[in-house]
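[1] Below are the sequence and a predicted model for it; my questions follow.
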Amino acid sequence: MSERNKKDGKAAQTRAENGSVDALASRALSLVAERNQKTNLQIDPEWADTLHDAAARLEANTVPDIVRSMLDAGIAAETIAVQYIPHVACRMGDEWCEDSLSFSHVTIGTARLQSALRSLGKEWWHDARANDTGEGSGIVVVLLKDAYHTLGVNVLAGQLRRLGHSVRLAMGPAPQELRPIFKTGRFDAVLISASASESLDFLREYVETIRQSAPGKPPIVIGGGILDTNVDVKEATGADFATKDLFEALEHCGLRKTKRKETTPTGQRG
């Protein structure tokens, strides 16, 4: 087997087994970053490299210091959370698939970025969480049982809140454990993250449980690596829609984005 085929095979296997950062979430975050860049919110490559190196090294964790420096330089907490952290996490995932970064480096780096995201919570999520009072549209984001990477889902939830949506995170529940969630509230949409290794029968069980439990029959959208397989996921699972595009998912669910505040400049180094 050629070296190229070996690398392609490994990349496919690692994506199928782990989904890198998060199935629906990581792809959605990439799309968010692309659209933000079109509105002149550019990532400074020097800051991105600095954050990447701090996250990926096995020595003492300096990510908190780098994040504080970025904030001091005028980079908004939201920009760090929605652009820089996903950018670095996806970059590390790509480096793992390319054999240029070890599993331990990626695992430690992702944990450090997850911790940094939590540290940004008060500044980034505080006003966004005001939307969780029941005002505005409510969305349930489901990360399937035994999915290990939660970074992307947390960033996705924060971004949805900034867009004006109330978000309920369901982190790794079994299908039947979703029932109480829908007994406590009425929701406008359900987004399910699924990697390429997920069983279609297992996904169908999630969809059927939500259908039986959720009043008002909110649209159910599946996204993530599962859509890279040669299967009609919508047909196989009974979901209402399948897409990797967060904004396409919101449009399908009839959820318009609210006008959000202007984000402060990214503090590019001169």
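    Cool, the structure landed. Small disclaimer: the values here were computed from a predicted structure and weren't measured.
[2] Once you drop chain neighbours, what's closest to residue 103?
    Distances taken as C-beta to C-beta, 6 or more residues apart in numbering place residue 96 nearest to residue 103, at 6.6 Å, with adjacent residues excluded. Yep, even glycine has a C-beta here, placed from its N, CA and C like the rest.
[3] Now that neighbour: which helix or strand?
    In this assignment (DSSP states H and E), residue 96 forms part of helix 85-97.
[4] Moving C-terminal from that helix, which element do we reach first?
    helix 103-119.
[5] Tell me which other helices or strands that following helix touches.
    The helices and strands touching helix 103-119, judged by 3 or more C-beta pairs under 8 Å, 6 or more residues apart in numbering; DSSP states H and E, are helix 45-56, helix 63-72, helix 85-97, helix 151-162.
[6] Over the longest one, what's the mean pLDDT, rounded is fine.
    Just to be clear, that refers to helix 85-97. Mean pLDDT, computed over helix 85-97, is 85.
[7] Go through that helix and flag the buried ones.
    Under the neighbour-count criterion of 16 or more other C-beta atoms under 10 Å, helix 85-97 has 85, 86, 87, 88, 89, 90, 91, 92, 93, 95, 96, 97 buried.
[8] ok, the third one to residue 155 distance?
    If I follow you right, that is residue 87. Separation of residue 87 from residue 155 (C-beta to C-beta, to the nearest Å): 11 Å.
[9] quick revisit: is the residue nearest to residue 103 in contact with residue 109, as I believe?
    No - shown here, residue 96 and residue 109 do not form a contact pair, counting by C-beta atoms under 8 Å, at 9.7 Å.
[10] In contact with the residue lying closest to residue 240 once chain neighbours are set aside, which residues are there?
    Ranked by C-beta to C-beta, 6+ apart and with sequence neighbours excluded, the top spatial neighbour of residue 240 is residue 219, at 4.3 Å. Residues in contact with residue 219, defined by C-beta atoms under 8 Å, 6 or more residues apart in numbering, are 189, 190, 240, 241, 252, 253, 254.
[11] Can you tell me which of these are buried?
    Applying 16+ other C-beta under 10 Å to the contacts of residue 219 flags 189, 190, 240, 241, 252, 253 as buried.
[12] List the residue ranges of the stretch 101-250 of the chain that fall below the pLDDT cut-off.
    121-137, 146-150, 152 (pLDDT under 70).
[13] Quick one: the strands in it, in order.
    Secondary structure of the stretch 101-250 of the chain by DSSP state E, counting those that start in this stretch: the strands cover 138-143, 166-171, 189-193, 220-223, 241-242.
[14] Buried residues in the second one, which are they?
    Within strand 166-171, the residues scored as buried using 16+ other C-beta under 10 Å are 166, 167, 168, 169, 170.
[15] so, if you compare those, which one comes nearest to residue 61?
    Checking the buried residues of strand 166-171 against residue 61 with C-beta to C-beta, the nearest one is residue 169 at 25.2 Å.
[16] Greatest separation within the contacts of residue 219: which pair is it?
    190 and 254, at 13.5 Å, using C-beta to C-beta across these.
[17] which one of the strands of the stretch 101-250 of the chain lies closest to residue 65?
    Here strand 166-171 is closest among the strands of the stretch 101-250 of the chain (C-beta to C-beta), at 28.5 Å.
[18] what lines up beside that closest one in the sheet?
    Using DSSP bridges, strand 166-171 pairs in its sheet with strand 138-143 (parallel).
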